[in-house]
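Chemist: kindly return the folded structure for what I paste below:
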Amino acid sequence: MTNEQLGSIAFIQATWHSEIVDRARQGFVSELAAQGYQEASVVQFAVPGAFEIPLHAQRLARTGKYSAIVAAALVVDGGIYRHEFVESAVIDGLMRVQLDTDVPVFSVVLTPHHFHEHADHSAFFTSHLERKGVEAARAVVATLDSLRTI
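Modeler: Predicted coordinates:
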């Protein structure tokens with residue numbers, strides 16, 4: 001697939017835990033570059049938190065400018081509310097966006113069972129999100145290539 005066939009990809013990123021979540025975007029862009037695609041094909045959008053991602057994804061998909069949308073966030077249990085509700089709303093929303101708009105949407109939204117703001121957890125999830133960004137890039141290329149054949 002060429003850069004033109006890949007098209008523009010919207011990368012929506014929550015700003016909560018941005019020092020960790022940003023690694024997902026870095027892994028994503030790095031993997032696309034390793035496969036020969038231009039970094040300029042990825043357009044980044046920042047949103048306050050994960051809950052805001054589905055609406056932004058829907059609006060971006062409806063523009064017709066993007067061949068794919070990637071969402072990245074880290075949803076953690078802060079002890080105030082049940083993070084499973086946020087995670088479920090976000091993932092369900094992303095699925096609805098792709099089914100309603102026919103634009104593939106990829107999730108790099110992680111919801112760890114246990115997250116503590118200390119060096120070990122931060123290092124683990126930083127590395128994990130970067131790896132998930134790489135996996136998302138591979139999934140975008142494979143999915144767009146597959147959809148072109150239908």
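
Chemist: for the helix or strand harbouring V90, give the mean pLDDT please.
Modeler: In the assignment (DSSP states H and E), V90 maps to helix 83-101. The average pLDDT for helix 83-101 rounds to 87.

Chemist: give me the residues contacting it.
Modeler: Contacts to helix 83-101, defined as CB atoms under 8 Å, 6 or more residues apart in numbering, come from residues 50-51, 53-55, 57-58, 61-62, 69, 71, 73, 75-77, 103-105, 107, 109, 111. The C-beta positions use only the backbone N, C-alpha and C, and glycine is treated the same way.

Chemist: now do the SS call for L147.
Modeler: helix (DSSP: H, G, I helix; E, B strand; the rest coil).

Chemist: once you drop chain neighbours, what's closest to it?
Modeler: Leaving aside its chain neighbours, L147 sits nearest to P104 (6.9 Å; criterion: CB to CB, 6 or more residues apart in numbering).

Chemist: quick check on the one you found: phi, psi?
Modeler: Backbone torsions for P104, taken as degrees, to the nearest 10, come to phi -60, psi 140.

Chemist: repeat that for G36.
Modeler: The phi/psi pair for G36 (degrees, to the nearest 10) is phi 90, psi 10.

Chemist: quick check: it vs V141, distance?
Modeler: The spacing between G36 and V141, counted by CB to CB, to the nearest Å, is 10 Å.

Chemist: and A34, by the same measure?
Modeler: Where V141 is concerned, A34 sits at a distance of 11 Å (CB to CB).

Chemist: in this protein, which residue is most central in space?
Modeler: A71 (2.4 Å; CA atoms, centre = their mean).

Chemist: correct me, but that one touches V109?
Modeler: Yes - look at A71 against V109 with CB atoms under 8 Å: they come within range, at 5.8 Å.

Chemist: shared neighbours of these two, anything?
Modeler: A50, I53, V90, L94.
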